[in-house]
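[1] Have a look at this fold, sequence not included:
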C-alpha cells in the first residue's frame with residue numbers, strides 16, 4: 001500500500017531506464033544546466049560589485065531579451081528543417097567559447113560592464129536557438145506513453161542544475177574569485193556536448209520548404225487559433241514579468257540579509273530547490289482533471305509567495321518563500337508543457353516549442369528590467385511586493401475572463417507514437 005502511494009507521488013523514471021538516447025540527453029542537459037546556473041549567479045553578482053546598482057543588474061534582462069525576441073522563432077524554423085542533434089552541438093559549442101572568453105577576461109582583470117552586456121547578448125542569441133531545438137528533440141526520444149514522465153524529468157534536471165549551480169558558484173566565488181565560477185560553467189557545457197554526442201535521434205519529420213516568414217506565421221497562427229493555449233502562455237508571461245525576483249536578489253543578500261556571496265548562491269538556489277521538490281512530488285499532477293484551473297491556482301500561489309518574500313527580513317524565511325513560489329511556478333509549467341507536447345505534430349514541434357520558449361523566457365527577462373527600474377525609482381521592497389500582487393491580480397483576471405479556468409485536456413488528443421532511440 002505504501003509503495004503504491006509513493007508511486008503516485010514520485011516521478012516516473014521509465015524514460016531513463018528504457019531509452020539510451022534520452023538518458024544521454026538528460027545527463028548532458030544536467031551538466032549544461034549546471035554550467036548555465038553558475039554563470040547566471042556570477043554575472044549579476046559581478047555587475048553588482050562593479051556598479052552597486054540594481055538597475056544595471058536588471059539591464060542584463062534587456063540584453064538577453066532583445067536577441068531572444070529576434071532569434072527564438074527563427075530557432076524553431078531551424079529545428080523543423082535541419083538535424084536537431086547537429087544544431088545542438090553548434091549552440092553548445094558556441095556557448096562554451098563565449099563562457100571561456102568571459103572567464104579569461106575576468107581572470108586577467110580586463111572585463112567591463114559593457115563587455116559583459118555584449119557577450120550576454122550573443123550568448124542569449126545562441127540560447128534562443130538552443131531552447132526550441134532541444135525542446136523539440138527531447139520528446140522524440142521516448143514513446144508517446146512516456147511523454148508526461150519525460151516532461152516531468154526534464155523539469156527535474158533543470159532544478160538539479162539550478163540548485164547545485166548557485167551553491168557551487170557561491171562557494172567558488174568566495175574561495176577563488178568570480179572567474180572560477182565562469183571556468184566551472186565551461187566545464188558543465190563540455191559535459192553537455194558529450195551527452196549530445198551519445199544521442200541517436202530517430203528519423204525526423206521535416207517541415208515543408210517555405211520562406212522563414214511563412215514558416216513562422218504557420219506556427220503563430222496555430223497558437224493564436226487556440227484561445228486556451230493563448231491564455232496559458234499569456235498568464236505565464238504576465239506572472240513572471242510582474243514578479244520575477246532575480247534582479248533584486250543581490251540587493252537582498254547585501255542590504256537586507258547581509259549574507260555575502262555564499263548567501264547570494266543560496267538565494268539563487270532556493271527557487272530551484274522549491275521547483276525540484278515540486279517536481280519530485282508531482283506524480284499527482286497527471287491526475288488533475290481541470291488543468292486550466294490548476295494553472296491559475298499555481299500562478300496565484302507564485303504571486304503570493306513573491307509578495308511575502310518582499311516583506312521577509314529573516315534569511316531562512318526568505319529562502320523558504322522563494323522555494324514555495326518557484327515550486328508553484330513549476331507545477332504550472334509542467335502542465336502547460338505536457339499539453340503542448342501532447343498535441344503537436346513533429347514537423348511543427350520546433351516552431352511551437354520556439355513560441356512557447358519565447359513566451360516563458362521573455363517573461364522573467366522583462367521582470368528583471370521591471371524589478372530593477374521600480375527598485376531604483378521607489379525601493380526594491382516595493383518592487384517585489386507590488387510585482388507579486390500584480391501577478392495574483394492577472395491570474396484572477398484570466399480565471400474570470402478567459403476560457404483557461406475551465407479547460408480540461410481532451411484525453412483523445414494525441415501526437416503520433418514514436419519509438420525510443
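    Thanks, I have it. Just so we're clear, the structure is a prediction, and the values are computed from it rather than from any experiment.

[2] Tell me where the stretch 151-300 of the chain has strands.
    In the stretch 151-300 of the chain, no segments count as strands under DSSP state E, counting those that start in this stretch.

[3] give me the low-pLDDT residue ranges for it?
    Along the stretch 151-300 of the chain, segments meeting pLDDT under 70 span 159, 162, 203-215, 219, 283-287.

[4] For it, which segments count as helices?
    Counting by DSSP state H, counting those that start in this stretch, the stretch 151-300 of the chain has helices at residues 178-197, 212-224, 227-243, 249-251, 260-280, 291-311.

[5] Now for the residue nearest to residue 309 when sequence neighbours are not counted: which residues touch it?
    Spatially, and ignoring its direct neighbours in sequence, residue 309 is nearest to residue 321 (4.1 Å; Cβ to Cβ, 6 or more residues apart in numbering). Every residue, glycine included, has its C-beta placed from N, CA and C. Residue 321 sits next to 305-306, 308-309, 312 when contact means Cβ atoms under 8 Å, 6 or more residues apart in numbering.

[6] and the helices of the stretch 151-300 of the chain, which is most packed in?
    helix 249-251 (a mean of 26; mean count of other Cβ atoms under 10 Å).

[7] which other helices and strands contact it?
    helix 20-51, helix 54-81, helix 260-280 (3 or more Cβ pairs under 8 Å, 6 or more residues apart in numbering; DSSP states H and E).

[8] possible to save these as JSON lines with distance to residue 124?
    Shown next, in JSON lines, are the helices and strands packed on helix 249-251 (distance: least, Cβ to Cβ, whole Å):
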{"stretch": "helix 20-51", "distance to residue 124": "11"}
{"stretch": "helix 54-81", "distance to residue 124": "4"}
{"stretch": "helix 260-280", "distance to residue 124": "18"}
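
[9] Between those helices, which one is closest to residue 356.
    Counting by Cβ to Cβ, residue 356 lies closest to helix 54-81 out of those; the figure is 9.2 Å.

[10] Skip ahead from that closest one and say which helix or strand is next.
    Moving toward the C-terminus from helix 54-81, the next helix or strand (DSSP states H and E) is helix 84-107.

[11] Please state the mean pLDDT value computed over that next one.
    Here helix 84-107 scores 93 as its mean pLDDT.

[12] Could you give me the buried positions within whichever strand or helix holds residue 122?
    If you go by DSSP H and E, residue 122 is part of helix 113-137. For helix 113-137, the neighbour count (16 or more other Cβ atoms under 10 Å) marks 116-117, 119-137 as buried.

[13] closest one to residue 365 among the helices and strands packed on helix 249-251?
    helix 54-81 (3.9 Å).

[14] That closest one: how far from the chain's middle?
    Here the centre of helix 54-81 is set off from its chain's centre by 13 Å, with Cα atoms, centre = their mean, to the nearest Å.

[15] So the closest residue to residue 229 other than its chain neighbours versus residue 335, what's the distance?
    Leaving out its chain neighbours, the residue that sits closest to residue 229 by Cβ to Cβ, 6+ apart is residue 223, at 5.6 Å. Relative to residue 335, residue 223 is positioned 17 Å away (Cβ to Cβ, to the nearest Å).

[16] do residue 356 as well
    In terms of Cβ to Cβ, residue 356 sits 13 Å off from residue 335.
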